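# dropping a prediction and its sequence here:
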Amino acid sequence: MNETLRQARVSALTLFVFALVATALMAGVYALTHKIVAANEQAARLAIVSQVLPAGGYDNDPARAAVTLSAADGRRLGNDGPSQVYIARLGGRMVARVFEATAPNGYAGRIRLLVGVDAQGAITGVRVVSHKETPGLGDYIDRAKSDWIDQFNGLALTRDSEWKVKKDGGRFDAMAGATVSPRAVVGAVANTLRFVAAERTKPGQWDTQPVPAREPTGARP
């Protein structure tokens, strides 16, 4: 009995050591890679910013003019906390902003977006930054897969009843049998426009910051 008990203790100790080592390795890998992953996501996001702004319609670098929304405002846009607003200016005047927004209810999880909105409240462009939607089915929300997302261009916030996919009585097309993903995106874009409409009545610092002195003045594509 003592020998059996001793072997059980040895086995338990061995399993504990293996678990401890595995946990330490996983923590180490995360510590080494999470900043790299975050940096790569940020770089991809910045590369997409210009895609949702009017070509030649601004003369600053929106990335350098970016400001940070509070955690509370970030959550109003569906994000986890503080988020960036990239501000495009022409001759020092704000002409458009690009908001980070998140649709929490994609088919396979969160869909992260960039939504460009001009000074009059109309959409200049929308792009999906990251998603986990089903390849070949729900991933047509990605501009690299189809032009579905272009139907937002030029639209402004009107009747809420229009801001739905056609299957739900709204104006937006969606692929038959794959409406969860576009439904989530439409909702997130409409939510962004509601946020902008509310903030236009009480402009904040993120909306009125002066042009940084060292920004390039050449027109951006």
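Thanks, I have it.

# in the longest strand along the chain, what counts as buried?
Criterion DSSP state E: the longest strand present in the chain is strand 93-106. Using 16 or more other CB atoms under 10 Å as the test for burial, strand 93-106 gives Met94, Val95, Ala96, Arg97, Val98, Phe99, Glu100, Ala101, Thr102, Ala103, Asn105, Gly106. In short, each C-beta sits where N, CA and C put it, glycine included.

# which strands border that strand, and is each parallel or antiparallel?
Strand 93-106 sits in its sheet next to strand 83-90 (antiparallel), strand 109-118 (antiparallel), going by DSSP bridges.

# which of those sits closest to Asp150?
strand 109-118 (12.3 Å; CB to CB).

# how far away from the center of its chain is the closest one?
Remark: strand 109-118 is offset 5 Å from the chain centroid, using CA atoms, centre = their mean, to the nearest Å.

# next: stretch 157-168.
How far stretch 157-168 lies from its chain's middle: 21 Å, per CA atoms, centre = their mean.

# contacts made by it with the rest, please.
Identification of contacts with stretch 157-168 by CB atoms under 8 Å, 6 or more residues apart in numbering yields 121, 169-174, 179, 182-183, 186-187, 189-190, 193-194, 196-197.

# okay if I get the strands paired with strand 93-106 as a markdown table plus distance to Phe152 and mean pLDDT?
Listed next are these as a markdown table, based on distance: least, CB to CB, whole Å; pLDDT from 0 to 100:
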| stretch | distance to Phe152 | mean pLDDT |
| --- | --- | --- |
| strand 83-90 | 17 | 94 |
| strand 109-118 | 8 | 95 |
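
# check the gap between Gly74 and Ser83 for me.
Gly74 is 4 Å from Ser83, where distance means CB to CB, to the nearest Å.

# circling back: ok, of the contacts of stretch 157-168, which come out buried?
Gly170, Phe172, Ala174, Thr179, Pro182, Arg183, Val186, Gly187, Val189, Ala190, Leu193, Val196.

# surely the fifth one is within a helix?
So the one you mean is Pro182. Yes - according to DSSP: H, G, I helix; E, B strand; the rest coil, the state of Pro182 is that of a helix.
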